[in-house]
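**Student:** Pasting the sequence and the predicted coordinates here, then a few questions.
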Amino acid sequence: PKPAAAPAAKQLSVEEVKKLFDEKNGKLFFLDVREKKEIEELGSMKGYHHIPVGELEQRHREIPKDALI
């Protein structure tokens, strides 16, 4: 059988992310995959977890399997 396709990533506005944080009482794993320079230039949100996209494969164990990401 053919493996199930992963759900498509959804782009969220800042307001939608804040609403999710409120709804989940902050129990949201907010993963920022941008490079450090991009975060320094553009900023991020309080409570984010930073794993640059180039490091995801070797650091994937840091991402909880049961969390809303």
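**Tutor:** Noted; the coordinates are in hand.
**Student:** For Arg34, grab the count of nearby residues.
**Tutor:** 16 (other Cβ atoms under 10 Å). For glycine as for every other residue, the C-beta is placed from the backbone atoms N, C-alpha and C.
**Student:** wait, I meant Val33
**Tutor:** 13.
**Student:** Quick check: chain neighbours aside, which residue is closest to it?
**Tutor:** Among residues not flanking Val33 along the chain, Val53 sits closest, at 4.2 Å (Cβ to Cβ, 6 or more residues apart in numbering).
**Student:** Is the one you found in contact with Arg34, as I believe?
**Tutor:** Yes: Val53 is in contact with Arg34 according to Cβ atoms under 8 Å; the separation is 7.5 Å.
**Student:** all strands for the chain, in order.
**Tutor:** Using DSSP state E, the strands of the chain run over 31-32, 49-50.
**Student:** Given the first one, what are its sheet partners and their directions?
**Tutor:** Think strand 31-32. With DSSP bridges as the test, strand 31-32 is paired with strand 49-50 (parallel).
**Student:** Including mean pLDDT, mean neighbour count and distance to Ile69, could the strands of the chain go into JSON lines?
**Tutor:** Output for those, formatted as JSON lines (pLDDT from 0 to 100; neighbours: other Cβ atoms under 10 Å; distance: least, Cβ to Cβ, whole Å):
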{"stretch": "strand 31-32", "mean pLDDT": "92", "mean neighbour count": "16", "distance to Ile69": "5"}
{"stretch": "strand 49-50", "mean pLDDT": "94", "mean neighbour count": "14", "distance to Ile69": "9"}
